[in-house]
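> This is a predicted model, with the sequence first.
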Amino acid sequence: MKDFLKFTFATVVGIIISTVLLSFLSILMMAGMMATSVGGTETQVRKNSVMVLDLNGELVERSQDNPFQSLLGEEAATCGLDDVLSSIRKAKEHDQIKGIYIKAGSMSAGFASLEEIRKALLDFKESGKFIIAYADDYTQNMYYLSSVADKVMINPKGSIGWHGLASNPTYYKELLDKIGVEMQVFKVGTYKSAVEPFIDTKMSDANREQITSYIGSIWRQMLTGVSASRGISIDSLNELADRMMDLQPAEEYITSRLADTLIYKNDVRDYLKSFVGVDKKDKLALLGLKDMMNVKKNVPKDKSGNIVAVYYAFGEIGSAASYLSFDEGIVADKVIRDLRKLKEDEDIKAVVLRVNSPGGSAYDSEQIWHAVTELKKEKPVIVSMGDYAASGGYYISCAADSIVADGTTLTGSIGIFGLYPNTTGLTNKIGLSFDLVQTNPYAGFGASGRGLNDGEKELMQNMVNRGYELFVKRCADGRGMSVEAIKRIAEGRVWTGEAAVGLKLVDEVGGLDRALEMATAKAGVETYTVMTYPAQKSFFEQLMDAQNGSFLQARLLKGKVGELYRQIEWVNHIDELDKVQARISYAPNIH
């Protein structure tokens with residue numbers, strides 16, 4: 001018996017020591033991976049180099065090294081829009097970089113982000129350098145981007161996606177009915193469609209109207225861009241879309257002028273060498289995005305001490321206690337602290353607030369709005385809108401001195417709503433019953449096993465009404481318009497950036513560069529350094545986040561289902577949302 005206990009004890013101790021050692025070794029291994037991927041040595045650019053813009057994986061607003069990518073099954077890499085734009089600018093300025101090779105793959109990206117990259121590529125062409133694009137199969141979005149190239153090449157057995165745009169929302173009402181859950185909805189805004197998936201099985205007429213309008217606007221902008229780059233009339237491009245070019249033989253792409261050359265992937269490198277002027281037997285110097293990130297910028301060092309801050313606010317708006325802590329998001333308390341620090345830093349002369357958000361908590365949006373107004377008292381604040389700056393995303397933007405948006409940005413959606421799940425049907429099905437004792441009429445508000453009664457519904461609707469009136473007033477004050485004028489274009493309606501300029505919700509169509517120009521002009525500084533905020537999470541901070549099981553669950557889910565992940569997360573955590581929401585559906589599923 002004594003030997004058995006000794007053996008058991010030794011085994012348990014061995015397991016514990018082995019686990020600790022393995023955990024420690026895993027941490028060291030990941031730290032090593034992180035060290036090799038971040039801040040590498042300066043890239044030495046060889047003569048006759050070509051930048052490779054590999055369009056695969058997911059395009060995010062701001063780059064962030066992800067040490068968990070391979071460990072958590074996230075097969076598709078992510079790259080930051082900030083790094084892509086910076087790399088294109090450096091390629092334009094560097095004498096030894098002769099052109100850009102676009103490898104068009106399957107990249108998940110918003111329309112406004114694609115628009116910014118496309119504009120950067122058009123600017124690159126002003127240098128007289130070449131752009132060559134190749135794909136086995138172009139998705140429609142990647143073709144829109146790649147059409148700027150001097151030569152568009154495609155595999156002889158490949159395809160080009162060109163079919164027009166469609167929106168395909170998902171509805172949950174019948175699923176909720178089957179499990180016995182009724183969503184009680186309180187909203188203001190005829191066009192406030194984020195609640196529709198929970199209470200209907202199809203689009204309302206108002207929602208169909210607004211989606212028809214904004215996807216039509218996006219499609220027109222895509223047509224205009226491709227027409228200018230390829231020399232094909234807009235009417236002809238629409239006719240090609242009507243033929244569903246995705247399923248046409250590759251020869252049709254040459255005949256229709258969508259592409260220039262049919263070529264196999266193996267032969268692309270030799271084709272590039274001919275453009276660069278390198279002999280076929282010589283090695284071609286290629287620079288990927290990571291290489292370009294470590295190419296030294298060709299700019300003089302600023303000695304003025306002036307800083308223009310670019311503050312990135314992207315993701316859903318909420319509090320640190322919400323599910324946003326498991327994924328990227330605009331955590332109100334942190335943003336407020338950060339903006340206060342920017343206000344107090346005397347070296348910072350202006351702030352560009354880069355907003356890419358579908359909104360979220362109305363309460364937290366109001367808190368961030370206040371922080372922006374306080375910041376604006378001390379220095380210029382210019383908003384640059386990304387793919388989304390709608391509902392709460394517009395709320396936190398409207399107080400800025402000026403607002404710049406891409407033409408395809410989805411913005412506006414000035415409206416709010418509340419959701420309250422009534423689970424009576426579900427609890428009855430599974431045999432749960434509840435009772436209630438209360439001291440006052442509304443003491444049992446939110447009690448399990450029942451929906452809201454008439455009095456409680458009235459209170460909720462009044463709260464939503466007050467929230468809407470406040471939201472409208474914030475927009476009216478920020479934009480120098482009357483409340484009545486804002487209400488005429490509010491009602492929860494989503495607009496593209498192009499349309500929003502005409503409605504005075506946005507000042508100009510432009511990207512982050514234009515916002516920086518406006519910020520420096522308003523601050524009156526000629527020499528300055530651009531610095532980005534907030535600071536990126538370090539490897540060990542990400543590792544500490546990973547101690548949270550929900551974080552790991554979220555990363556795994558995102559790696560497997562991609563864009564659908566955000567919709568799943570919203571439904572999965574709906575009970576954690578604030579009572580009143582200022583948001584649009586994150587992914588209107590435009591394709």
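That came through fine.

> Tell me where the stretch 101-250 of the chain has helices.
111-125, 140-146, 173-179, 196-199, 205-230, 234-242 (DSSP state H, counting those that start in this stretch).

> Check the stretch 251-400 of the chain too.
Counting by DSSP H, counting those that start in this stretch, the helices of the stretch 251-400 of the chain are 251-255, 268-276, 289-293, 332-344, 362-378, 392-395.

> now the very next helix or strand once past the shortest one, how far from the chain's geometric center?
The element immediately downstream of helix 392-395 (helix or strand, assigned by DSSP states H and E) is strand 402-405. Averaging C-alpha coordinates over strand 402-405 and over its chain gives two centres that are 17 Å apart (CA atoms, centre = their mean, to the nearest Å).

> How about stretch 161-173?
18 Å.

> What's the end-to-end length of it?
End-to-end distance for stretch 161-173: 33 Å, by CA to CA, to the nearest Å.

> How about stretch 378-396?
Stretch 378-396 end-to-end distance (CA to CA) = 17 Å.

> just how off-centre is that stretch within its chain?
Distance, centroid of stretch 378-396 to centroid of chain: 14 Å (CA atoms, centre = their mean).

> What are the buried residues along it?
379-396 (16 or more other CB atoms under 10 Å). From N, CA and C alone the C-beta is placed, and that goes for glycine too.

> circling back to that earlier point, so which of the helices of the stretch 101-250 of the chain is nearest residue 499?
helix 205-230 (5.9 Å; CB to CB).

> now for the closest one, which elements pack on it?
helix 111-125, helix 140-146, helix 234-242, strand 494-496, helix 497-502 (3 or more CB pairs under 8 Å, 6 or more residues apart in numbering; DSSP states H and E).

> returning to what we had before: would you convert the helices of the stretch 101-250 of the chain into a markdown table that also reports mean pLDDT?
Below are these laid out as a markdown table (pLDDT from 0 to 100):
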| stretch | mean pLDDT |
| --- | --- |
| helix 111-125 | 97 |
| helix 140-146 | 98 |
| helix 173-179 | 93 |
| helix 196-199 | 92 |
| helix 205-230 | 97 |
| helix 234-242 | 98 |
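
> Quick one: closest of those to residue 417.
helix 196-199 (10.1 Å).

> how about that closest one: buried residues?
Judged by neighbour count (16+ other CB under 10 Å), helix 196-199 contains these buried residues: 196-199.

> Same question for residue 446, what's its three-state structure.
Following DSSP: H, G, I helix; E, B strand; the rest coil, we place residue 446 in the coil state.

> Show the contacting residues for it.
Residue 446 is in contact with residue 420, counting by CB atoms under 8 Å, 6 or more residues apart in numbering.

> Look up how far residue 455 lies from it.
13 Å (CB to CB, to the nearest Å).

> Pick the most buried one from the helices and strands packed on helix 205-230.
Greatest average neighbour count among the helices and strands packed on helix 205-230 goes to strand 494-496 (a mean of 27), per mean count of other CB atoms under 10 Å.

> how about the closest residue to residue 374 other than its chain neighbours, what does it touch?
Excluding the flanking residues, the one nearest residue 374 by CB to CB, 6 or more residues apart in numbering is residue 343, at 6.3 Å. Listed by CB under 8 Å, 6+ apart, the contact set of residue 343 reads 374-375, 377-379.

> picking that back up, from the buried residues of helix 196-199, which is closest to residue 179?
residue 198 (12.6 Å).

> Next one, pLDDT for the closest residue to the closest one other than its chain neighbours please.
Nearest-residue entry for residue 198: residue 183, 3.9 Å, with adjacent residues in sequence omitted and distances by CB to CB, 6+ apart. In this model, residue 183 is scored at 91, pLDDT.

> my guess is residue 183 contacts residue 419, does it?
Yes - between residue 183 and residue 419 there is a contact at 5.6 Å, judged by CB atoms under 8 Å.

> The two: who's more crowded?
More crowded of residue 183 and residue 419, by other CB atoms under 10 Å: residue 419, with 20 against 17.

> circling back: can I get the contacts of residue 343 in CSV including distance to residue 363 and pLDDT?
Listed next are the contacts of residue 343 as CSV, based on distance: CB to CB, whole Å; pLDDT from 0 to 100:
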residue, distance to residue 363, pLDDT
374, 17, 98
375, 19, 98
377, 22, 97
378, 25, 97
379, 26, 97
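
> so which pair among the residues you listed is furthest apart in space?
374 and 379 (10.8 Å).

> Which residues are in contact with residue 452?
Per CB under 8 Å, 6+ apart, neighbours of residue 452: 184, 420, 422, 445, 460.

> any idea which of those residues has the most stuff around it?
residue 460 (20 neighbours).

> ok, what's across the strand from the closest residue to it other than its chain neighbours?
With CB to CB, 6+ apart as the criterion, residue 460 has its nearest non-adjacent residue at 4.6 Å, and that residue is residue 186. The partner list for residue 186 in beta bridges (DSSP bridges) reads residue 418.

> Could you count how many residues lie near residue 186?
Neighbour tally, residue 186, other CB under 10 Å: 23.

> isn't it right up against residue 415?
No - Residue 186 is not in contact with residue 415 according to CB under 8 Å; the separation is 11.8 Å.

> any low-confidence regions in the stretch 1-150 of the chain?
1-40, 64-76 (pLDDT under 70).

> Recalculate using a threshold of 80.
Within the stretch 1-150 of the chain, the stretches with pLDDT under 80 are 1-40, 63-77.
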